[in-house]
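A.B. asks: Sequence plus predicted model, see below.
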Protein chains: 2
Amino acid sequence: MIRSNGVAPASRDTLLGGLSIDGARLWDALAALGEIGAFDDERSGLRGVNRLALTDADAAGRRHVVAAMRALDLELTVDRIGNVYGRRRGTDDALAPVMMGSHIDSVPTAGRFDGCLGVLGGLEVLRTLADHGVVTRRPLVVAFFTDEEGARFGTDMLGSAVAAGRLPLEAAYALADRAGLTVHGELERIGFLGTAPERLSPPHAYVECHIEQGPTLRQAGVDLGAVTGVQAISWHEVTIVGKSAHAGTTPMELRHDAGVACAKINLGLRTLIASGRFGPGFRATMGAIVPHPGLVNIVPGRLVCTVDLRNPDDALMRAAEQAVLALYEDVSRDEGVSVTWRQTARTNHVPFAEAIQARVTSAAAARGLSVRSLVSGAGHDAQELAHLCPAGMVFVPGEFDGISHNPREFSTPEQCTNGVNVLLDVVLDLAAEA
Amino acid sequence: MIRSNGVAPASRDTLLGGLSIDGARLWDALAALGEIGAFDDERSGLRGVNRLALTDADAAGRRHVVAAMRALDLELTVDRIGNVYGRRRGTDDALAPVMMGSHIDSVPTAGRFDGCLGVLGGLEVLRTLADHGVVTRRPLVVAFFTDEEGARFGTDMLGSAVAAGRLPLEAAYALADRAGLTVHGELERIGFLGTAPERLSPPHAYVECHIEQGPTLRQAGVDLGAVTGVQAISWHEVTIVGKSAHAGTTPMELRHDAGVACAKINLGLRTLIASGRFGPGFRATMGAIVPHPGLVNIVPGRLVCTVDLRNPDDALMRAAEQAVLALYEDVSRDEGVSVTWRQTARTNHVPFAEAIQARVTSAAAARGLSVRSLVSGAGHDAQELAHLCPAGMVFVPGEFDGISHNPREFSTPEQCTNGVNVLLDVVLDLAAEA
């Protein structure tokens, strides 16, 4: 890298001694974006965030981040799936860029850190370089990807999966929310249906800073995490069809209650976990439950629910999936209902580049921060980018057992600053590579 | 009674020999009303009915029945809760009337018999009398009551409970559906906010013909039921508050999953029934389940569900309710969630007048029909009228195990005709009384 005033690039040691982000500025940026789509959460008394993908709130958040990119003189690209890239020139500008990023869409009951830390952290890295007049050899890009959460259209990592070529654009466009509104229509409506090709030219590397969204780092008292990869994820949408009937008159032995069948599946998942057969990292969640007709005095005749399975081990995941299918069959037989399912998401364990893990570990150590290697429990855009280039992640601990997807989600200013400083270090290293 | 041409009233025996309803005409009336709010049920291939109370479909059904009342020259009254009464003069017109009736609102997944048979059967009785020029001593009234189902505003037998003075008008007005629309606003919107006092002057008697909505009569091969009363009903709206959290990252042992707690309550109800401690007639149903935020990758932090308890025995019902509250406490403790509940409906066992039961039984016998006494599993408007006057019901068997609240709900033309013929006989008897 060179200083933009023409001075020869500083050595890495010099920079580590001298170059750090402005943590207060990063914190203010998180607070400002966190006000877009904010709501007062009655139960916690806290301020939550609802920026469901491609809603008006998401659009406002997008415009806010685009304005910040413009203020940094970045070259803006919006692609055909609504991913936004802000590019800063390098001295060897024809080289593939080093990319940072994440997402700014949220679940409806979010805090202000999930995703935003990676995007605003990336912009803070660029702001820090600008402050010090540093221009890297390779260009740098900060990206935010469309609908990472999957909370509205049912498929997570939507934008990055399209960018990585793992999901066809037309399939993504056709996804619809519960009201029947499509990804394509909503992109158009909010003004983020770009024209740039959706398939991303492989960056030199991709690095994402993110909150852990779990308790591991905080409980261990560790400053940062070097992420080894993302665990396998399997989502089912399960449809149970029994027989709707009058709650007051139908004898219990004549019932085919889709709600009771759903309850048996939910508790059956617990039993599978408790068995220990699928490893200590196996997790299962029934998040959505929609009975029909859903009325007090009618035995539910039909019910749609979701099952979310996670496992850091691919073989154990496959075994767990077989056990879950057997559970569906058992419940179907015992309750005299039909149980059908479709796969709405499925990814194997995605390992991250060891070279990037090593850089995260050494950068943290050089700053005197403790660091631990861990697998990510959540899915992230980095797992899609890993199909294109060496990718990795820096995890920041979260307070309150790392609670996330909840207004109580919180990482301290110091934790966020540490994570983005290491992001800066790793990106400077990568961007200096030939 | 007298014939309207001045001939002296016929004896009861003569009438039973000579006066019967037109079953084909009744069937046509059921079919015509059944087309209002009809839908094609994909699963069964049958035609279902959705006339949720105070919707446009309900309004269309109301106008249809009002037109039929007008065609019979009935004196129409719409009261302040939207109950509609059609009155036919008697020869001793100052006497309290004999009332027939039921409801025409439906659950969203209904057939065409529930409620409609009592209203259209009552009109068929009046049509039969008009055909034969019969005028009864006492006036006759056919009523349809507002929102018997409770499927939209959460309180069943709404109109008849207000008419009986058991529910204050203002409380009924203030009830709101899930969209926040109130009973008062919707009555006004559909043009059925009447001006007549809502408190009904006690009729001489009330008789309601209704489908059984259960398998008892059909399985026993019995033609009709003489209803002894309505079993006790207890409805709870249950709110479970746990902690919403990320499905991929939150270890199982740190979860407080409102959905799992709900599943434990649902299956716990089954266990209570299987225990046999609360009698063979005890029934429990969880019909509504609404988790928040209800997304695939979030542990539900909050969930609202309903519990519907029925028992023909008041003491066993009270014991069952205590056991259900203990179940809530057990689940709350085991899952580390709060479980709160409110009572949304509660009625004791309502016995019907023995004199009316006896008349139903003897009228059926006189027609050569088999009859059995049974308690009603469902709530009915008759149980509210029983607070004002001697009340009773005639039950008609249903095919397919008496399935109801389902498009498969079906009683044969002969079954319906039998029921309304006995309704005719009983009403003629009662209307002749001094």
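C.D. replies: The structure has been received and is ready for your questions.
A.B. asks: Look at the closest residue to residue A:31 other than its chain neighbours and report its pLDDT.
C.D. replies: Closest residue to residue A:31 apart from its sequence neighbours, by C-beta to C-beta, 6 or more residues apart in numbering or on different chains: residue A:112 at 7.2 Å. Bear in mind the C-beta positions are built from the backbone N, C-alpha and C, glycine included. Note on residue A:112: pLDDT of 97.
A.B. asks: Helix, strand, or coil at residue A:112?
C.D. replies: For residue A:112, the secondary structure call by DSSP: H, G, I helix; E, B strand; the rest coil comes out as coil.
A.B. asks: Return the residues in contact with residue A:292.
C.D. replies: Shown in contact with residue A:292 (C-beta atoms under 8 Å, 6 or more residues apart in numbering or on different chains): A:244, A:258, A:300-304, B:109.
A.B. asks: Would you list the phi and psi of it?
C.D. replies: Backbone torsions for residue A:292, taken as degrees, to the nearest 10, come to phi -120, psi 140.
A.B. asks: Would you mind stating the distance between it and residue B:58?
C.D. replies: Using C-beta to C-beta, to the nearest Å, residue A:292 is found at 20 Å from residue B:58.
A.B. asks: Please apply the same query to residue A:334.
C.D. replies: 39 Å.
A.B. asks: Give me the more crowded residue out of those two.
C.D. replies: residue B:58 (26 against 11; other C-beta atoms under 10 Å in any protein chain shown).
A.B. asks: if we can go back for a sec, please produce a ChimeraX select command covering the buried subset of the contacts of residue A:292.
C.D. replies: Buried residues within the contacts of residue A:292, by 16 or more other C-beta atoms under 10 Å in any protein chain shown, are selected in ChimeraX with:
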select /A:244,258,300,301,302,303,304 /B:109
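A.B. asks: Would you reformat the contacts of residue A:292 as TSV and include pLDDT and secondary structure?
C.D. replies: Formatted as TSV, those follow (pLDDT from 0 to 100; DSSP: H, G, I helix; E, B strand; the rest coil):
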residue	pLDDT	secondary structure
A:244	87	coil
A:258	98	helix
A:300	96	coil
A:301	94	coil
A:302	96	strand
A:303	98	strand
A:304	98	strand
B:109	89	coil
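A.B. asks: check contacts around the most centrally placed residue in chain A.
C.D. replies: When C-alpha atoms, centre = their mean is applied to chain A, the residue found nearest the centroid is residue A:380 (3.8 Å). Neighbouring residues of residue A:380 by C-beta under 8 Å, 6+ apart: A:102, A:148, A:157, A:208, A:210, A:230, A:393.
A.B. asks: Can you classify the nearest residue to residue A:210 once chain neighbours are set aside by secondary structure?
C.D. replies: Leaving aside its chain neighbours, residue A:210 sits nearest to residue A:118 (5.3 Å; criterion: C-beta to C-beta, 6+ apart). Three-state assignment for residue A:118 (three-state DSSP): helix.
A.B. asks: How about residue A:170?
C.D. replies: Classified using three-state DSSP, residue A:170 is helix.
A.B. asks: Around it, count how many other residues there are.
C.D. replies: Residue A:170: 9 neighbours (other C-beta under 10 Å).
A.B. asks: The one 5 residues further on now?
C.D. replies: Residues contacting residue A:175 under the criterion other C-beta under 10 Å number 19.
A.B. asks: Do I have it right that it meets residue A:150?
C.D. replies: No. Using C-beta atoms under 8 Å, residue A:175 is not in contact with residue A:150, being 9.5 Å away.
A.B. asks: For the helix or strand residue A:28 falls within, which residues meet the burial criterion?
C.D. replies: Assigned by DSSP states H and E, residue A:28 belongs to helix A:23-34. Buried residues in helix A:23-34, defined by neighbour count with 16+ other C-beta under 10 Å: A:23, A:25-27, A:29-30, A:33-34.
A.B. asks: Next secondary structure element downstream of that helix?
C.D. replies: Heading C-terminal from helix A:23-34 (DSSP H and E), you reach strand A:38-40.
A.B. asks: separation between residue A:62 and residue B:385?
C.D. replies: Using C-beta to C-beta, residue A:62 is found at 61 Å from residue B:385.
A.B. asks: for the residue sitting furthest away from the middle of chain A, what are its contacts?
C.D. replies: Within chain A, the residue lying farthest from the chain centre (C-alpha atoms, centre = their mean) is residue A:249, at 47.7 Å. Contact analysis of residue A:249 by C-beta under 8 Å, 6+ apart lists B:212-214, B:376-378, B:402, B:404.
A.B. asks: Chain A next: which of the residues you listed are close?
C.D. replies: B:212-214, B:376-378, B:402, B:404 (C-beta under 8 Å from any C-beta of the partner chain).
A.B. asks: Going by distance to residue A:341, which of these wins?
C.D. replies: residue B:404 (29.8 Å; C-beta to C-beta).
A.B. asks: Surely that closest one is in a strand?
C.D. replies: No. When three-state DSSP is applied, residue B:404 is found to be coil, with no strand at that position.
A.B. asks: Am I right that residue A:374 is in a helix?
C.D. replies: No. Counting by three-state DSSP, residue A:374 falls outside a helix, being strand.
A.B. asks: Could you pull up the residues touching residue A:261?
C.D. replies: Residue A:261 neighbours (C-beta under 8 Å, 6+ apart): A:240, A:242, A:303, A:331-332, A:335, A:337, A:339.
A.B. asks: Dump the helix or strand hosting it to PDB, keeping only the CA atoms.
C.D. replies: If you go by DSSP H and E, residue A:261 is part of helix A:258-274. Taking C-alpha atoms only, helix A:258-274 is exported to PDB below (Å, rounded to 0.1, in the frame of the first residue of the first chain):
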ATOM      1  CA  ALA A 258     -53.100 -31.400  13.400                       C
ATOM      2  CA  GLY A 259     -52.100 -29.300  16.400                       C
ATOM      3  CA  VAL A 260     -51.500 -32.300  18.600                       C
ATOM      4  CA  ALA A 261     -49.400 -33.900  15.800                       C
ATOM      5  CA  CYS A 262     -47.400 -30.600  15.600                       C
ATOM      6  CA  ALA A 263     -46.900 -30.700  19.400                       C
ATOM      7  CA  LYS A 264     -45.600 -34.300  19.200                       C
ATOM      8  CA  ILE A 265     -43.100 -33.300  16.500                       C
ATOM      9  CA  ASN A 266     -41.900 -30.300  18.500                       C
ATOM     10  CA  LEU A 267     -41.300 -32.400  21.600                       C
ATOM     11  CA  GLY A 268     -39.900 -35.200  19.500                       C
ATOM     12  CA  LEU A 269     -37.200 -32.900  18.300                       C
ATOM     13  CA  ARG A 270     -36.300 -32.300  22.000                       C
ATOM     14  CA  THR A 271     -36.100 -36.000  22.500                       C
ATOM     15  CA  LEU A 272     -33.800 -36.400  19.500                       C
ATOM     16  CA  ILE A 273     -31.500 -33.800  21.000                       C
ATOM     17  CA  ALA A 274     -31.500 -35.300  24.400                       C
END
